[in-house]
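In: fold the stuff below for me.
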Amino acid sequence: MEKYIDKFIRYLEIEKNYSSHTILNYKFDLEGFRKFIGETALEKIDYLALRKYLAVLKEKKLGNRSVGRHLSTLRSFFRFLTREGLIKTNPTLILSSPKLDKHLPQFLTEEETAKLIESAFSKDEKDEMGLRDRAILETFYSCGIRIAELVGLSQQDVDFIGGIVKVFGKGKKERIIPIGETALSAIRKYLDIRKKQADAVFLNKNGLRITTRGVRNIVGKYIKAAGLKHGVSPHTLRHSFATHLLNRGADLRTVQELLGHANLSTTQIYTHLTTERLKSVYDKAHPHA
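Out: A predicted model of the protein is given here:
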């Protein structure tokens, strides 16, 4: 079993060009499945064995979304094995996916977003870390990028004249995103005062490219300082970016491109947010609501 998993992971890395984060998730899911089946031969794994495995996951109190991810991993794995001729039939074909609960992403209002960014304001124009933190928050909100994309930004990826940034998203896919003058100004101020010269846009206190964990800690600090609700994270700024664009008239296709979603259905979750907002306004404003 282990050699087949290794073969599948190499396929994901080389042919599918998946990100390291995605591959790590596949490895984790398949390792759990390998432990469950033990010494069972690959060709002996059938529909019933898979059903038992999914039942075990449910017993571990995993939600439908997590179980669905494990099932998706198994489907991809067995589809690969079938295509490669390593097994004759795919036992996942008749498995049904668990019904997913509707999960609306959390977002900040425009006022809350401004409050969060302003909490990183420093009167000291030589405060390197303060200027960096402000630039990080401004960039998140201006571009709606993922935390890994922000961490991966290099100086050559930021076009200060054209007002665009180049990022590498999931599957190492490159995309070009507009960036506002406010964010560019914040980045410029930080870079002008930075003591260490390096390729990376954002550095930690040791002069190395900042990590995702470091960015989470920074954002968490200002969330607390701004007194915002529990559960706000760097990804919340991405959700806020998309929601605010739609609220102000942007079309769904444009938002899809900006977010780097492969499918429009992924972006459509934000229409639920804007619909809920419209209903809320209607209920408060209409005399017969």
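In: in space, what's closest to Ile87 - neighbours in sequence excluded?
Out: Distances taken as CB to CB, 6 or more residues apart in numbering place Leu81 nearest to Ile87, at 4.8 Å, with adjacent residues excluded. Backbone N, C-alpha and C define where each C-beta goes, glycine included.
In: typed the wrong thing, it's Asp46
Out: Using CB to CB, 6+ apart and skipping the chain neighbours, the partner closest in space to Asp46 is Pro91 (5.0 Å).
In: low pLDDT regions in the stretch 101-250 of the chain?
Out: 101-104, 171, 230 (pLDDT under 70).
In: pull the number of nearby residues for the residue nearest to Ile87.
Out: 20 (other CB atoms under 10 Å).
In: and what of Lys35?
Out: A count of neighbours around Lys35, defined by other CB under 10 Å, yields 9.
In: what about it, which helix or strand?
Out: Here Lys35, judged by DSSP states H and E, is contained in helix 20-37.
In: just the buried residues of that helix, please?
Out: 26-27, 29-30, 33, 37 (16 or more other CB atoms under 10 Å).
In: gap between the closest residue to Gly207 other than its chain neighbours and Gly162?
Out: With CB to CB, 6+ apart as the criterion, Gly207 has its nearest non-adjacent residue at 3.9 Å, and that residue is Lys196. Separation of Lys196 from Gly162 (CB to CB, to the nearest Å): 26 Å.
In: coming back round to it: pLDDT added to the buried residues of helix 20-37, as CSV?
Out: Listed next are these as CSV, based on pLDDT from 0 to 100:
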residue, pLDDT
Tyr26, 94
Lys27, 94
Asp29, 93
Leu30, 94
Phe33, 93
Ile37, 90
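In: what residues are up against the residue nearest to Asp46?
Out: Applying CB atoms under 8 Å, 6 or more residues apart in numbering to Pro91 gives the contacts 45-47, 49-50, 78.
In: that one belongs to a strand?
Out: No. Read with DSSP: H, G, I helix; E, B strand; the rest coil, Pro91 is coil and lies in no strand.
In: ok, and what's touching stretch 39-53?
Out: Everything outside stretch 39-53 that qualifies as a contact, by CB under 8 Å, 6+ apart, is 1, 4, 33, 36-37, 74, 81, 86-88, 91-92, 94-95.
In: also stretch 207-216?
Out: By CB under 8 Å, 6+ apart, stretch 207-216 touches 136, 147-148, 150-151, 195-196, 198, 200, 202-204, 233-234.
In: residue contacts, Val167?
Out: Counting by CB under 8 Å, 6+ apart, Val167 touches 143, 145, 149, 152-153, 157, 174-175, 177, 260.
In: strands of the chain, start to end?
Out: Per DSSP state E, the chain carries strands over the ranges 158-159, 164-168, 174-178.
In: now the second one: buried residues?
Out: By that I understand strand 164-168. So strand 164-168, judged by 16+ other CB under 10 Å, has buried residues 165, 167-168.
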